[in-house]
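> When you get a sec, could you give me coordinates for this:
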Amino acid sequence: MAKEDVMSAFYRLLHPRPAVLVTCVDREGRPNAIAVSWITPVAREPPTIAICVAKKRYSHGLIAETGEFVVNIPSDELVEAVHFCGTVSGRDVEDKIAKAGLTARPAKVVRAPIIEECPAHIECRVVQVVDCGSHDIFIGQVVAAYADPGAFEGGFWKLEAVRPLLHAGGNAYSRPEPTFKAKGRP
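The predicted structure follows:
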């Protein structure tokens, strides 16, 4: 069977992906948030993750300048705020986090804030930047990770309590289905 050429949207073959809000600050401490779905764990030891941010984005400059960011994991209830943060630039909007209807609170370790409404947070310090053309990969060492009680237990999301938001592409989002296990090898 012939396959359809989808080169112009190849990356969407890897969606849906977690939709997160990455918070950062400028040198004066003014916060900003950007929606990101290009995110992945990199290593357990040291605990490391990577986010991809377009070089043209305002948040790219802030993360590059300060070397810190926080990954805030939203529930599906925050879809409108996430979409707002992904389509409106902090260059054009004063206090983008508040305009999105969200609350910035101090993080435990880094200067970038957490988003109070999100059920989980991963605080990072940039340890490497990889130039990938239109985007840079910011590799961040995790310096703190925490979640609301009852949201994440035993290394898994409690999906009956929190449904992490997934991004399918553009303005399309989805929710995770209940987990299931493989039967294992025969």
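> Touching, residue 116 and residue 106? I think so.
No. At 10.2 Å, residue 116 does not count as touching residue 106 under the criterion of C-beta atoms under 8 Å. Where C-beta positions appear, they are placed from N, C-alpha and C, glycine not excepted.
> Show the end-to-end separation of stretch 10-19, please.
Chord length of stretch 10-19, first to last residue, is 18 Å (C-alpha to C-alpha, to the nearest Å).
> With stretch 74-90 instead?
19 Å.
> Could you shift the numbering so residue one becomes 43, and keep it that way?
Fine by me, first position is 43 from now on; the one you just mentioned is stretch 116-132.
> Quick check: buried residues in it?
Buried positions in stretch 116-132, judged by neighbour count with 16 or more other C-beta atoms under 10 Å: 116-118, 120-121, 123-128, 130, 132.
> Please flag which of those residues sit within helices.
In this view, the buried residues of stretch 116-132 that belong to helices under DSSP state H are 121, 123, 124, 125, 126, 127, 128.
> Let me have the residues you listed in CSV, extended by distance to residue 89.
Formatted as CSV, these follow (distance: C-beta to C-beta, whole Å):
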residue, distance to residue 89
121, 28
123, 27
124, 24
125, 29
126, 30
127, 25
128, 26
